[in-house]
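Asks: predicted model follows, preceded by the sequence.
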Amino acid sequence: MPELPEVETVRRGLEPFMAGHIFTKVEQRRPNLRFPFPEGFVARLEGRRLTALGRRAKYLVGDLDDGTVLVMHLGMSGSFRIDYDGDASAPGVFHHDRSKSAAHDHVVFQMSNGARVTYNDPRRFGFMDLIARSDLSSHALFRDIGVEPLGNELDGKLIAAAFAGKKAPLKAALLDQTLIAGLGNIYVCEALHRAGLSPRRAAGTLAARKGLMLGKADLLAGTIREVLQEAVAAGGSSLRDHRQADGTLGYFQHSFRVYDREGEACPTPACMGVIQRLVQSGRSTFFCKVCQR
DNA sequence: AAGCGAACCTGGCTGC
DNA sequence: TGCAGCCAGGTTCGCT
């Protein structure tokens, strides 16, 4: 499920059940996901307290009380669910999601507060790692990651500079995690439509603001921020019944303007276009060729 | 060296 | 009903 809004939604769902609590038992049911689990994964977690659960790009980043960081990536199909043995009437406690096969339950975290947190991932493109907090920013996974689109750095000037000279299409440049971190196929399509920019336009053609005149790069920075904020507020998007950690469904998919809407009328006011699908670097792009130039 | 397509893996849906 | 083929929210590798 995981672009930035979905990962952030997972983070918020897990935080109250995990942060501040101790891993009393960890089950690792297979030797690898996308990559092998790190040496001693279970032993290095059991008995440790998770002091905080954060997010960087599409990574969940959990600090342990010994200076280690538990890094988790959901790949394409990873999800968490929570079973809580405590007071079932407590606020924020939800039902177990039984819609997924236990055959793909790869990791189970038993926490000291009675919460059981299960990681399920049919395609196994996700992974987990343990990295010293002091090495995190220089680690290969994080070293080259670009700006957080919901942080303060993202603006038209940054986009124009990052995309300068690029002949690759905007679609590809926006998916490049070393430039802007956290966008994926859905939100790139949505941000480009809102900005009225063609996914095929060369990335290097966006200008930043000159004086009072806003450039297309400024417009795009605004729509990226806007669509991500709206999606986070909606609890992310739930395709194929993908659920939040608490078992509830995000609902931003109902707000898609173009993604997976091939053949539908373009939602731009007064636009007579029809949403088209095309393939760019092996992925589906949805856009309106009338109002996106 | 940037920019593509293929690969990783499983499951769900479509169409014959 | 069965099965082949295509598609899926991500990332990395290897070939122009």
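Replies: That came in fine, so what should we check first?
Asks: contacts, neighbours, all on C-alpha from now
Replies: Noted.
Asks: next one, pLDDT for residue A:95 please.
Replies: pLDDT, residue A:95: 40.
Asks: for the stretch 51-200 of chain A, which residues are neighbours of DNA strand C?
Replies: A:58, A:75, A:76, A:77, A:125, A:141, A:177, A:182, A:183, A:184, A:185, A:186 (Cα under 7 Å from any atom of the strand).
Asks: one more pass at 6 Å, please.
Replies: Contact residues, the stretch 51-200 of chain A versus DNA strand C (Cα under 6 Å from any atom of the strand): A:58, A:75, A:76, A:125, A:141, A:184, A:185, A:186.
Asks: go through the residues you listed and flag which are in helices.
Replies: A:141, A:185, A:186 (DSSP state H).
Asks: once you drop chain neighbours, what's closest to the residue of the stretch 101-250 of chain A found nearest DNA strand B?
Replies: Nearest to DNA strand B in the stretch 101-250 of chain A, going by Cα to the nearest atom of the strand, is residue A:167, at a distance of 3.3 Å. With Cα to Cα, 6 or more residues apart in numbering as the criterion, residue A:167 has its nearest non-adjacent residue at 4.9 Å, and that residue is residue A:202.
Asks: for the one you found, what are its contacts?
Replies: Counting by Cα atoms under 8 Å, 6 or more residues apart in numbering, residue A:202 touches A:166, A:167, A:168, A:169, A:170.
Asks: right, and the residue of the stretch 101-250 of chain A closest to DNA strand B touches residue A:200 too?
Replies: No - Residue A:167 is beyond contact range of residue A:200, at 10.0 Å (criterion: Cα atoms under 8 Å).
Asks: look at residue A:244 and report its pLDDT.
Replies: With respect to pLDDT, residue A:244 scores 58.
Asks: nearest to DNA strand C, of the ones in helices among the residues of the stretch 51-200 of chain A next to DNA strand C?
Replies: Nearest to DNA strand C among those is residue A:185, at 4.1 Å by Cα to the nearest atom of the strand.
Asks: run through the residues of the stretch 1-150 of chain A sitting next to DNA strand B.
Replies: A:122, A:123, A:124.
Asks: check contacts around residue A:75.
Replies: Here residue A:75 is in contact with A:1, A:2, A:124, A:125, A:126, A:127 (Cα under 8 Å, 6+ apart).
Asks: by neighbours, which of those residues wins?
Replies: residue A:2 (25 neighbours; other Cα atoms under 10 Å).
Asks: so how far is DNA strand B from that one?
Replies: 15 Å (Cα to the nearest atom of the strand, to the nearest Å).
Asks: just residue A:256 next, same as before
Replies: 19 Å.
Asks: count of residues packed around that residue?
Replies: By other Cα under 10 Å, 18 other residues sit near residue A:256.
Asks: check what pLDDT it gets.
Replies: In this model, residue A:256 carries a pLDDT of 97.
Asks: how about residue A:281?
Replies: Residue A:281 is assigned a predicted lDDT (pLDDT) of 85.
Asks: wait, it sits on residue A:171?
Replies: No - shown here, residue A:281 and residue A:171 do not form a contact pair, counting by Cα under 8 Å, at 9.0 Å.
Asks: higher neighbour count, the two?
Replies: The residue with more neighbours, out of residue A:281 and residue A:171, is residue A:171; 24 against 9, by other Cα under 10 Å.
Asks: chain neighbours aside, what residue packs nearest to that one?
Replies: Nearest non-adjacent residue to residue A:171 (Cα to Cα, 6+ apart): residue A:199, at 4.8 Å.
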